[in-house]
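Asks: Need coordinates for the following:
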Amino acid sequence: GGGGGASEGGGGDGESSTASSILPFSSPFSSVPSSPSSSFSSLSSLPSFSFSSPSPPPSPAPSPASERRHGQDKRAPPSPTPSPSSQRRQEKREKTEQRENKKEKEKEIEEKTGLVSEPPMAQFFMWEYTKQYSFSHVWGDKFHKGAVHDMCLASDSDYIFSVGNDGKLKVHCLSTQKLHRSANISEMPLSCCSVGPRKNSCLTGGWDNNVYFYSMDTGRVVDRICVHEDAVSSLSVSNDLLVTASWDSTVRVWKCANGGIDRNYVCYFELDDEVQRVVCAKDQRTAVAGSKDGSLSLLDLRAQKIVRTMQYQTDKITAIQMGPDPNYIFSSAKDGHVRLVDLRKGELCSSLHSSSVNCLKTDGQSILVGLQNGNLQGFRVTDDLTQIVEATLEPKKHNEGIRCLEVSEEGDMVFSGGQDFVHVWRYCKGT
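Replies: Now for the predicted structure:
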């Protein structure tokens, strides 16, 4: 979401192992030749050639007697011109084959991930979160056909981007509570999105192994690049740096420039299992990757090496996020464990258990988690970061699991997306 880049340490104290890179150790962001697997080759400049096979010697013409004997005419009947109805039938057959191939691909990925492609329209709701951490519904709307996989707020916080199982990127205006833009990005589901390095831009990755650079100013995709050999499961943007994770068990680092993505990746890391989530620190020094086997890998982006691998979860990582202090990471797993880990020491600070957790968001003092049973829970972290305690009610609005969460920069709005609905909450963290 496996190569042998990371070493496991029982308590997270394992020694670092070197990550694969195509760059010199001292210059991680210099321009380098692209990898064949991660770059496009320009084919438009290549000359075109046509090859013709030598003509076979002419066959002797049959005699009239031979034609009569074999019932042949001297002139072959002209090939019949296909009728419009037969052409339509042929086009219909081709479209049916394309749909079947797409369904087979989706079925293969669904069996691999447990995600189910179902037709219900995902809706959007807004909530209010009082100082006692209680929630009240504000407004709602339909978003995607099928599950919403990820959401992110635009830089001005008046627009929210969302991607889903329908392969579309949608932009909703929060002030008008209406759909602002809808873009058909991919024939395959989109799994993740993040605000881009430019204003009013969004980067999104999907099951077709690509990352798309969408500009809201132009209303279209301005760049596309194949970044992995399998589905893109997660991405994280820090200024002009893009970090992508994939089910091919690798994490790759890219530079964004001139309204697009450089074809030469900066470096890459091979992990031991499919990578489910990745997050990059704001200072661009480190990143953390969460894998299917429950491990967390601390990546040094400048030295281009895996610092340590920590195994505190026993099930698939479903979410990871850094708080205001990049030395601490919050992670959740499918088995319901939410953990706070000290990255400097590789030590577990605190842990709690809930229902199966699909996603989380935190500001370092409070944590919101979306559960598979459709509930949204809130917790607070003690000042010494040694305990996480439950502090909220559990509103039941999602009929199915909550898949993604987003929180506004001011911390007064929360957005939750699921298989059946997308909810928006307004809240106050309280004291």
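Asks: ok, then the element right after the helix or strand containing residue 321?
Replies: Here residue 321, judged by DSSP states H and E, is contained in strand 317-322. Per DSSP H and E, the first helix or strand lying C-terminal to strand 317-322 is strand 328-333.
Asks: So what are the sheet partners of that following strand and their directions?
Replies: If you go by DSSP bridges, strand 328-333 pairs up with strand 317-322 (antiparallel), strand 337-342 (antiparallel).
Asks: among those, which is the most enclosed?
Replies: The highest mean neighbour count among those, using mean count of other C-beta atoms under 10 Å, belongs to strand 317-322: a mean of 24. All C-beta spots, glycine's among them, are computed from the backbone N, C-alpha and C.
Asks: contacting residues around that one?
Replies: 276-279, 281, 288-292, 294-296, 328-334, 357-362 (C-beta atoms under 8 Å, 6 or more residues apart in numbering).
Asks: Buried by neighbour count, from these: which ones?
Replies: When the contacts of strand 317-322 are checked for burial by 16 or more other C-beta atoms under 10 Å, the buried set is 276-279, 281, 288-292, 294-296, 328-334, 357-362.
Asks: Next step: the residues you listed restricted to strands.
Replies: 276-279, 288-291, 296, 328-333, 357-362 (DSSP state E).
Asks: Residue 287 against residue 242, yeah?
Replies: No. Under the criterion of C-beta atoms under 8 Å, residue 287 is not in contact with residue 242, lying 10.8 Å apart.
Asks: quick one, which of the two is more surrounded?
Replies: Ranked by neighbour count (other C-beta atoms under 10 Å), residue 287 and residue 242 place residue 242 first, with 28 against 24.
Asks: Residue 200 versus residue 156, what's the distance?
Replies: According to C-beta to C-beta, to the nearest Å, residue 156 stands 8 Å off from residue 200.
Asks: the more surrounded of these two?
Replies: Counted by other C-beta under 10 Å, residue 156 and residue 200 do not tie: residue 200 has more neighbours, with 16 against 10.
Asks: helices and strands around the helix or strand harbouring residue 306, which ones?
Replies: Secondary structure from DSSP H and E places residue 306 in strand 305-310. Using 3 or more C-beta pairs under 8 Å, 6 or more residues apart in numbering; DSSP states H and E, the elements in contact with strand 305-310 are strand 8-9, strand 17-18, strand 296-300.
Asks: switch the cut-off to 6 Å
Replies: strand 296-300 (3 or more C-beta pairs under 6 Å, 6 or more residues apart in numbering; DSSP states H and E).
Asks: Direction included, what does the strand it packs on pair up with?
Replies: Paired strands of strand 296-300, with direction, are strand 286-291 (antiparallel), strand 305-310 (antiparallel) (DSSP bridges).
Asks: Would you reformat those as a markdown table and include distance to residue 233?
Replies: Listed next are the strands paired with strand 296-300 as a markdown table, based on distance: least, C-beta to C-beta, whole Å:
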| stretch | distance to residue 233 |
| --- | --- |
| strand 286-291 | 10 |
| strand 305-310 | 18 |
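Asks: Cool, thanks, talk later.
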